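Participant: Prediction below, plus the sequence it came from.
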Amino acid sequence: MKSPTPPRKKSRFSFRLPGRPVRLIVLLLLLGLSGYIYYLDLTIRDAFEGRKFALPARVYGRALEVYPGLKLTRGQFVGEMKSIGYHENPQPDEAATYKNTLNGLEFTTRDFVFGDGTQPAQHLRIAFADGKVSLLQVLGSKDVDLPLLRMEPPLIGGIYPGHNEDRELVRLNQVPKMLTAALIATEDRNFYTHWGIDPRGIVRALYKTVTGQRIEGGSTITQQLVKNFFLTPERTLTRKANEALMALLLELHYSKGEILETYLNEIFLGQDANRAIHGFGLASYFYFDRPLDRLEPQEIATLVGLVKGPTVYDPRKHPELALKRRNVVLQIMVSQHVINQAQFVVARRKPLGVVERAPAGTSPYPAFLQFVHLQLARDYREEDLRSEGLRIFTTLDPFVQHQAEEALKSRLAKIEKTHRIAANTLEGAVVVSSTQTGEIQAMVGGRDARYAGFNRATDAQRPIGSLIKPIIYLTALEDPQHYTLITLLDDSPLLWSQPGTTDWKPKNYDRLFHGQVQLRTALAQSYNVATARLGIALGVEHILGKLPLYGIERQPPPFASSLLGAFGLSPVEVSQLYQTFADGGFRTPLRAIRTIVTADGKPLQRFPLNVEPVAPPGPVYLLTAALQGVVREGTAQSLANWLPAEMNVAGKTGTTDDLRDSWFAGYTGDRVAVVWVGRDDNQPSGLTGATGAMTVWGEMMKNIQPEPLEPVMPEDVEMVNVGPVSGLRYDAGCKSGVLLPFIKGSAPAETSPCDASSADASAAKAEAQPDAKADLKSGVNQDTGKKNWFQRLFN
Amino acid sequence: MKNRLSWIFIPAWLVLLAGCASVVIPPPATPAPSGTAQPGEAAVIAPVPKTAMSDNRAVIALLDQAQTDNGSGRREAAGSSLERALRIEPRNPWLWLELAQLRLAQGQYAQAITLARKSNSFAGRDSRVQAASWQVIGQARVAQGDPAGAEQALKLSAELAQQAKADHDPNFNSQ
């Protein structure tokens, strides 16, 4: 460094040095400038290093397991294959291709890294018969039967860095030479020789612009990369200068190869709803559904052409402009010897060939994805989720999800019409889970399922009304000395005073009181007063204190009115509650995530099945029988319009004050589902649980084709034939009795002769055994049963 | 000529061998405990062929996979295969039992007990699977330091094993 002070001795030949203040100013300016450059250097290096590896988390749905005997049609399977990007091909021996055969399909899977290892690609044959898979074989020199095939899971969304930037990382050596050559020929011919800025390029651009030949940018690839890092719309001289400085700095720190690789991954190449498509790797899939190394020259030209303006030259929105631009690039490619004349002639004649695709944004299932994201946020830092390229395997079943979305959308529109409700005022939410494993298969957050807004399935806390009742009845049934399904409950007027709240006078929905009613009838008809009396007798605190046991963390107000569900829960919380009833008293926390795997395929975290026994199986079996009564002869009778009696569905309707909330929660042999319908502004919708939510439930389940509900009878339960009204024990063979489950030792001891002319005989024999076969036997008698119940109600 | 002819028999041998593989190998001829089982001791439970656990070959393949993984210490992978099987047959008591045994081996005793109970809840009248479930419960209780509870469970397991023998072994002579 030079000495800061000039020599005192004056030299004759020396220039006159500026005065001290000026020198100081220059020094300060230099200091400031180097400080500024240092700052720019830090910024650009930070951006470069940071962006280099920012990979979104990929979220997958469940992988379809295919095996002989599985209920699956050819149409469903083709739908599944299309959803994971398979293409029809007369020679289906390339990964992700298929062809139709006489009674099935021939197809080739892809290599896929699952949480438990890599599954190599296989060439297979599948056949279907009677709505089932009838044959599954691996094709080879000799065809071999395959017991089980796990398909690749569908990609259902991502958790993206920055402004929802999505990318598929590619290494420079994976990128076809033709692409890099075409890119450099089109965008920056001196890329390998300049220092970040290209004076010759600028001059040429200026010349062409001034002479009116063409308007050109003159930015180098390095400058464009810098610009992409800090996407701001302003076009000022300072910004240009900053960009140029940063480009120079980048070139100082990194090799041409590194810069080019980052550029290839960073450049913005399209927009898919709220998801930004960055880099050529992803763009290749986004526009052509194929990896980069399988693109043809004209497709490479289309992508390179997009660099100039992804919006203007969007091949889906502006195909003519895109085609024009592509041909310009092809022209450059041939003149710069990237392709030869013959290739040029062939390529120029081809159409754009962009695959059709509806905009999907960050996920077609925003409600479910939001739920997954929230669960992940408990264990992972947000920046890791958005940049580490984690692969998240979830439980979503696109088929079930689709049925749930469709049922909600179509039923709400129909209900609005038939009930003369203004169009698009009703809203709803659906949650479907697997009974035994607690896996969430579908989640719909609103009737516009694609809209990533308020997720009613998790965030709408609405009064649950009668959905709470099973907890009260289960608590009673856990005490078989005092309560059985036929214990008489008192449904007469009640006035309840409790300090801290106003007096409570519960009413029934029909505004009547029904006197002495059997416990099962009180639940089936959802009598509020009988239930309130039962709950008070068992203890309000005792009942409400049980909620945490069933996985409900929220504590309702400690008032008797909470016994009738005067507190809010979300549909997903209600699902958790009913999951335990459906699963014989075992609580399995609802799960949306199965496994998390790192970007390089190492298992990171598993969410194993966890089960906790929270209610004894005997009383739960009795409760299920009573909830089947709700569907067979109670408030949910009209579910028969959707599902046959053999399904033996157990369920409960919920309706809140002034018909603001319409709920239905129910279960089949394999699924638990909860539907809420109401208005976002909490105004009355005019719907009961049965006229609103239950119809959505029925429509959805009809299409899902669930398994019938046939719980195994626990050892401490016996079936006893009793008089439907008298509650006296009948002979097993007595046709006028009703077969009900009892905890052993709690069935009535007092017997009565089987009398066809008694009141009991005229009442229905509706067996309440939660078993499909038993129900079929009694099917004949059900009509009379309904009539008599009807008559009794209006006595 | 002789050599060439002997090749012909190889496929026949293979067919025979393949046939043998699916034949249930009878359990070792341990003397059946006479009368009631010894308390506190795990009963000998006759192995059950996988074809009796499920008639779905996909489930059997996953069970095989789980056992292979478990045998080589890949417990997480074994658990993941069992969960796959459970998604196909969620009400199969044998699968819940396998998962219970896996959790027992992993030292997750409370989970092992719950899963064994869950197996029982689907077992119906099948005493073979019940005997094995109660054995898991007994062993888990031993590990939890509950000797009284363990003894109770193991005694029940032994009784059920005896019952199973009577139900499923045609040669068993219950007097």
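Facilitator: It's in.
Participant: residue boundaries of the helices in chain B?
Facilitator: B:2-22, B:50-53, B:57-71, B:75-88, B:93-105, B:109-123, B:127-144, B:147-168 (DSSP state H).
Participant: can you put those in JSON lines and add mean neighbour count, distance to A:Ala452 and mean pLDDT?
Facilitator: C-betas here are computed from N, CA, C, even on glycine. JSON lines is the format used below for the helices of chain B (neighbours: other Cβ atoms under 10 Å in any protein chain shown; distance: least, Cβ to Cβ, whole Å; pLDDT from 0 to 100):
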{"stretch": "helix B:2-22", "mean neighbour count": "9", "distance to A:Ala452": "53", "mean pLDDT": "42"}
{"stretch": "helix B:50-53", "mean neighbour count": "16", "distance to A:Ala452": "44", "mean pLDDT": "89"}
{"stretch": "helix B:57-71", "mean neighbour count": "19", "distance to A:Ala452": "36", "mean pLDDT": "95"}
{"stretch": "helix B:75-88", "mean neighbour count": "22", "distance to A:Ala452": "28", "mean pLDDT": "94"}
{"stretch": "helix B:93-105", "mean neighbour count": "25", "distance to A:Ala452": "37", "mean pLDDT": "96"}
{"stretch": "helix B:109-123", "mean neighbour count": "23", "distance to A:Ala452": "37", "mean pLDDT": "95"}
{"stretch": "helix B:127-144", "mean neighbour count": "24", "distance to A:Ala452": "45", "mean pLDDT": "96"}
{"stretch": "helix B:147-168", "mean neighbour count": "19", "distance to A:Ala452": "51", "mean pLDDT": "91"}
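Participant: A:Gly279: what's it in contact with?
Facilitator: By Cβ atoms under 8 Å, 6 or more residues apart in numbering or on different chains, the contact list for A:Gly279 reads A:167-170, A:264-267, A:269.
Participant: what's the residue closest to the geometric middle of chain A?
Facilitator: Geometric centre of chain A, nearest residue: A:Phe368, 2.7 Å, by Cα atoms, centre = their mean.
Participant: what sits against that one?
Facilitator: Contacts for A:Phe368 were tallied using Cβ under 8 Å, 6+ apart; they are A:156, A:394, A:396, A:401, A:440, A:442-443, A:592.
Participant: By neighbour count, which of those residues wins?
Facilitator: Within the contacts of A:Phe368, A:Met443 tops the neighbour count with 34 neighbours, counted by other Cβ atoms under 10 Å in any protein chain shown.
Participant: what's the closest non-adjacent residue to that one?
Facilitator: Once flanking residues are discounted, A:Met443 sits nearest to A:Phe368: 4.4 Å by Cβ to Cβ, 6 or more residues apart in numbering or on different chains.
Participant: Can you classify that neighbour by secondary structure?
Facilitator: The three-state label given to A:Phe368 by DSSP: H, G, I helix; E, B strand; the rest coil is helix.
Participant: Taking the stretch 251-400 of chain A, what residue is nearest to chain B?
Facilitator: Ranked by Cβ to the nearest Cβ, the top residue of the stretch 251-400 of chain A for proximity to chain B is A:Thr395, at 9.4 Å.
Participant: How far does stretch A:567-575 stretch from one end to the other?
Facilitator: The first and final residues of stretch A:567-575 sit 16 Å from each other (Cα to Cα, to the nearest Å).
Participant: who's in contact with it?
Facilitator: By Cβ under 8 Å, 6+ apart, the residues outside stretch A:567-575 that reach it are A:371, A:429-431, A:433, A:440, A:443, A:456-464, A:467, A:551-552, A:554, A:556-557, A:577, A:590, A:663, A:665, A:672-676.
Participant: which of those residues are buried?
Facilitator: Burial of the contacts of stretch A:567-575 was assessed by neighbour count (16 or more other Cβ atoms under 10 Å in any protein chain shown); the buried members are A:371, A:429-431, A:433, A:440, A:443, A:456-460, A:462-464, A:467, A:551-552, A:556, A:577, A:590, A:663, A:665, A:672-676.
Participant: gap between stretch B:103-120 and the chain center?
Facilitator: Put simply, stretch B:103-120 sits 14 Å off its chain's centre (Cα atoms, centre = their mean, to the nearest Å).
Participant: do it and chain A meet?
Facilitator: Yes - using Cβ under 8 Å from any Cβ of the partner chain, stretch B:103-120 reaches chain A at B:111, B:114-115, B:117-118.
Participant: hmm, back to that, quick one: contacts for the residue of the stretch 251-400 of chain A closest to chain B?
Facilitator: A:61-62, A:434, A:439-441, A:591-594.
Participant: Please identify the residues of chain B in proximity to chain A?
Facilitator: Residues of chain B lying close to chain A (Cβ under 8 Å from any Cβ) are B:56-58, B:60-62, B:76-77, B:79-81, B:83-84, B:86-88, B:90-91, B:99, B:111, B:114-115, B:117-118, B:121-124.
Participant: Now do the end-to-end distance for stretch A:64-77.
Facilitator: Using Cα to Cα, the two ends of stretch A:64-77 sit 9 Å apart.
Participant: ugh, typo on my part, it should be stretch B:138-158
Facilitator: End-to-end span of stretch B:138-158 (Cα to Cα): 11 Å.
Participant: Isn't A:Val614 up against A:Gly584?
Facilitator: No - the criterion here is Cβ atoms under 8 Å, and A:Val614 misses it with A:Gly584 at 10.5 Å.
Participant: out of the two, which sits in the more crowded spot?
Facilitator: A:Gly584 (23 against 16).
Participant: Show the model's pLDDT score for the more buried one.
Facilitator: pLDDT for A:Gly584: 95.
Participant: how close does it sit to A:Gln331?
Facilitator: 72 Å (Cβ to Cβ, to the nearest Å).
Participant: What of A:Arg511?
Facilitator: Here the criterion is Cβ to Cβ. By it, A:Arg511 lies 82 Å from A:Gln331.
Participant: And for B:Arg103?
Facilitator: B:Arg103 is 67 Å from A:Gln331, where distance means Cβ to Cβ.
Participant: what's the helix or strand hosting A:Thr262 packed up against?
Facilitator: Using DSSP states H and E, A:Thr262 sits in helix A:256-266. If you count contacts as 3 or more Cβ pairs under 8 Å, 6 or more residues apart in numbering or on different chains; DSSP states H and E, helix A:256-266 packs onto helix A:20-52, helix A:177-187, helix A:221-229, helix A:279-288.
Participant: I'd like these as CSV, with distance to A:Leu659 and mean pLDDT appended.
Facilitator: As requested, those are arranged in CSV below (distance: least, Cβ to Cβ, whole Å; pLDDT from 0 to 100):
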stretch, distance to A:Leu659, mean pLDDT
helix A:20-52, 54, 84
helix A:177-187, 62, 95
helix A:221-229, 55, 87
helix A:279-288, 47, 92
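Participant: Show me where the stretch 651-795 of chain A has its helices.
Facilitator: Along the stretch 651-795 of chain A, the segments classed as helices by DSSP state H, counting those that start in this stretch run A:693-704, A:759-762, A:772-778, A:782-793.
Participant: does any bit of the first one sit next to chain B?
Facilitator: It refers to helix A:693-704. No - with Cβ under 8 Å from any Cβ as the criterion, chain B is not reached by helix A:693-704; the gap is at least 15.1 Å.
Participant: Alpha carbons of that helix, as PDB, please.
Facilitator: Below are the C-alpha coordinates for helix A:693-704, written out as PDB (Å, rounded to 0.1, in the frame of the first residue of the first chain):
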ATOM      1  CA  ALA A 693     -74.700 -33.500   6.100                       C
ATOM      2  CA  MET A 694     -76.100 -37.000   6.000                       C
ATOM      3  CA  THR A 695     -77.000 -36.800   2.400                       C
ATOM      4  CA  VAL A 696     -73.400 -35.800   1.500                       C
ATOM      5  CA  TRP A 697     -72.200 -38.700   3.600                       C
ATOM      6  CA  GLY A 698     -74.500 -41.100   1.900                       C
ATOM      7  CA  GLU A 699     -73.700 -39.900  -1.600                       C
ATOM      8  CA  MET A 700     -70.000 -40.100  -0.900                       C
ATOM      9  CA  MET A 701     -70.100 -43.600   0.700                       C
ATOM     10  CA  LYS A 702     -72.300 -45.000  -2.000                       C
ATOM     11  CA  ASN A 703     -69.500 -44.200  -4.500                       C
ATOM     12  CA  ILE A 704     -66.600 -45.300  -2.200                       C
END
